[in-house]
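In: can't give you the sequence, but here's the structure:
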């Protein structure tokens, strides 16, 4: 790789541009941004300290992504008002190609600038709208803006702290992904095309420096009460609901986002509990209660966030009316609206059943997004038999998921939990302050019959589900249990 060595115009320290394509570099000694041009080096001023965001890679690391070698050269940190995130500037194929690498929702997103691709104006974009880019149809999944808060290492262009970036993320067929970068909205749009990769496709040699905190920490310190919350999924969490005091905090910024009461009882699936399903090991990393209003009455349900490195994140939902469902994310680009409340997903057609606004009422454990109590999203459910396609929209983005019934005996067996525990109950109150919903006084015999029907159906569709999971749990704090193998 062509390189150039000089001295920092601010502090005089040695400054090396390892990539011939890099136009800017943050001096590692004084943290001033230095830009090179045919007129020499220019000092753009000091950048702010980087927030301690979840970071699975660092500048100087080398590795492969789906077998393609890369090296990390720079990082830009941005914030859209809910907390910072990172995007990494990387060189592929021994410096022959360049791109950006980012991590979110258990996947890696890699994109490269593709010049000359026409794109719509920012004000012409709409969520779920189709956009044609380089002869591929993408669908708009997110429309937002971010503000640059800091940077480090080498970058392909100057980055100024405080600069606003208008952008849109789009999903395409077969894991295709695109980002439209409108800068501050006054210049031409930059089109970045790429792909989504699962975490196991990334192999990293940790050659770059890491902070002492990141190397040694196996817990998350609650900024409200000082309690140490065990890390259940490494450096991947965005926010944490403290099991000791109930506060919801941003991990990178170490600040309290929401204050809630302490947990009064153990969730049906303890935080930290391991379970084996279809040969994969999952860890229960978070508990959440969400609610809405049904015919003027409050209605709540429980959600459990699961983590499995080979596949990312999954949800288990316990509805007081219908029982347990297993939820997986679906590609927005694969959903087709057919009008009259119908959705087409592959060979199946789903009919709209309901639409409401769901709000977060309570959270515990590690969350993989900027969650806060009171967060509201508009949810629409589309059904085909007992299976449901759900659309959620909020805060400038839209996501789809697919859920299917899974009986409690299957979950209990997989997690190594008692068959007759609290998870076996559909209705009735709960120790988390559950509320009433439609059909809560349903005859017990009918519930058992319905459970048997679901069990038979699930056995037919989930014949490869295997048992295992954790046994035993240790008491930690004020009513929340961390279990596991």
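Out: That came through fine. The model shown is predicted, which means the values in this text are computed figures rather than measured ones.

In: all contacts plus neighbour counts: C-alpha atoms, from now on.
Out: Noted.

In: In contact with residue 98: list those residues for me.
Out: 89, 90, 91, 92, 112 (CA atoms under 8 Å, 6 or more residues apart in numbering).

In: An error on my part: the question was meant for residue 26.
Out: By CA under 8 Å, 6+ apart, the neighbours of residue 26 are 32, 33, 34, 151, 152, 153, 154.

In: From the chain's centroid, how far away is stretch 155-173?
Out: How far stretch 155-173 lies from its chain's middle: 19 Å, per CA atoms, centre = their mean, to the nearest Å.

In: same check, this time on stretch 370-387
Out: On CA atoms, centre = their mean, the centre of stretch 370-387 falls 16 Å from that of its chain.

In: Could you dump the contacts of residue 26 into TSV and include secondary structure, pLDDT and neighbour count?
Out: As requested, the contacts of residue 26 are exported to TSV (DSSP: H, G, I helix; E, B strand; the rest coil; pLDDT from 0 to 100; neighbours: other CA atoms under 10 Å):
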residue	secondary structure	pLDDT	neighbour count
32	strand	92	22
33	strand	91	28
34	strand	91	24
151	strand	92	27
152	strand	92	25
153	strand	92	22
154	strand	92	30
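
In: before we move on, the earlier item: strands - which of the contacts of residue 98 land there?
Out: 89, 90, 91, 92, 112 (DSSP state E).

In: So the fourth one versus residue 307, what's the distance?
Out: Pointing back at residue 92 there. Using CA to CA, to the nearest Å, we find residue 92 at a distance of 29 Å from residue 307.

In: With the last one instead?
Out: Computed as CA to CA, the residue 112 to residue 307 distance reads 29 Å.

In: count of residues packed around residue 411?
Out: 25 (other CA atoms under 10 Å).

In: is it fair to say it lies in a helix?
Out: Yes: looking at residue 411 with DSSP: H, G, I helix; E, B strand; the rest coil, it is inside a helix.

In: mind listing what residue 255 touches?
Out: Counted by CA under 8 Å, 6+ apart, residue 255 has contacts 223, 224, 249.

In: returning to that earlier point: neighbour-wise, which of the contacts of residue 98 leads?
Out: Top of these by neighbour count (other CA under 10 Å): residue 90, with 26 neighbours.

In: Touching, that residue and residue 69? I think so.
Out: No: using CA atoms under 8 Å, residue 90 is not in contact with residue 69, being 10.0 Å away.

In: Let me see the contact set for residue 163.
Out: Contacts of residue 163 (CA under 8 Å, 6+ apart): 147, 148, 184.

In: Kindly recompute the last result at 6 Å.
Out: Taking CA atoms under 6 Å, 6 or more residues apart in numbering, we find residue 163 in contact with 147, 148.

In: And for the one 4 residues further on?
Out: Applying CA under 6 Å, 6+ apart to residue 167 gives the contacts 144, 145, 180, 181, 182.

In: Now do the SS call for the first one.
Out: If I follow you right, that is residue 144. strand.

In: pLDDT weak spots in the stretch 151-300 of the chain?
Out: 211-217, 264 (pLDDT under 70).

In: Please repeat the previous calculation with a cut-off of 80.
Out: Scanning the stretch 151-300 of the chain for pLDDT under 80 picks out the ranges 210-217, 263-266.

In: Outline the domain layout of this structure.
Out: 4-205, 217-483 (automatic domain parsing).

In: ok now the longest one, how far from the chain's centre?
Out: The reference is to domain 217-483. 15 Å.

In: and what of stretch 43-61?
Out: 20 Å.

In: and for that stretch, what are the contacting residues?
Out: By CA under 6 Å, 6+ apart, stretch 43-61 touches 31-34, 71-74, 150, 205-208, 235-236, 252.

In: Bridged to the closest residue to residue 142 other than its chain neighbours, which residues?
Out: Leaving aside its chain neighbours, residue 142 sits nearest to residue 397 (4.1 Å; criterion: CA to CA, 6 or more residues apart in numbering). Beta bridges link residue 397 to residue 142, residue 394, judged by DSSP bridges.
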